[in-house]
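K.L.:
Predicted model and sequence below, questions to follow.
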Amino acid sequence: MLTGQYLHTLDAKGRVFVPAKFRADLQGELVIVRGLDDCLVLYNREQWEAFIKKLETYGEMQMKRIKRFILASAFNTELDSQGRIVISQELRSHAGIEKDISFVGLNNCVEIWRPDKFAEINDDSDIEEMKEMLKNVGF
């Protein structure tokens, strides 16, 4: 299970250490794509295929724009011997990432954020709204 938030630093070659807690779930081929919230999303092969399969169930016309946005940005990578991945310049530009990176585990994928942007969208000002949302779905 991919959970937690971890801060790391990008090197000059666009490589970053993947948090040790995530490495067991992120073995083999990995895919990084643009996220819809000014972040990146990192999937292992199994979760990526499940995501694609779910996209395909909605049909070509309904999802074409979303597919273009996400699939056009797909970048294949894998952990090197030191536990690092490469993030392409295009993807780093999309997320505004220059040096520092925040990895955020979302159970079946990992979001990759510029730390200040993540802090901005993840503040606690919406706690009451989140409580209400949870209540509405049975929590």
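P.N.:
That came through fine.
K.L.:
what number of residues lie near residue 72?
P.N.:
Residues within reach of residue 72, counting by other Cβ atoms under 10 Å, total 10. Placement of C-beta: from N, CA and C, glycine included.
K.L.:
Then residue 136?
P.N.:
Around residue 136 there are 8 residues (other Cβ under 10 Å).
K.L.:
now swap in residue 99 and tell me
P.N.:
13.
K.L.:
got it, and residue 43?
P.N.:
22.
K.L.:
Now for it: which residues touch it?
P.N.:
Residues in contact with residue 43 (Cβ atoms under 8 Å, 6 or more residues apart in numbering) are 30-33, 51, 108-110.
K.L.:
So the residue nearest in space to the middle of the chain: helix, strand or coil?
P.N.:
Residue closest to the average C-alpha location in the chain (Cα atoms, centre = their mean): residue 41, at 2.0 Å. On the three-state scheme (DSSP: H, G, I helix; E, B strand; the rest coil), residue 41 is labelled strand.
K.L.:
if we can go back for a sec, may I ask which two of the contacts of residue 43 are separated the most?
P.N.:
Using Cβ to Cβ, the contacts of residue 43 span at most 14.8 Å, a distance reached by 32 and 108.
K.L.:
Now do the same contact list for the residue nearest to the centre of the chain.
P.N.:
By Cβ under 8 Å, 6+ apart, the contact set of residue 41 is 32-35, 109-112.
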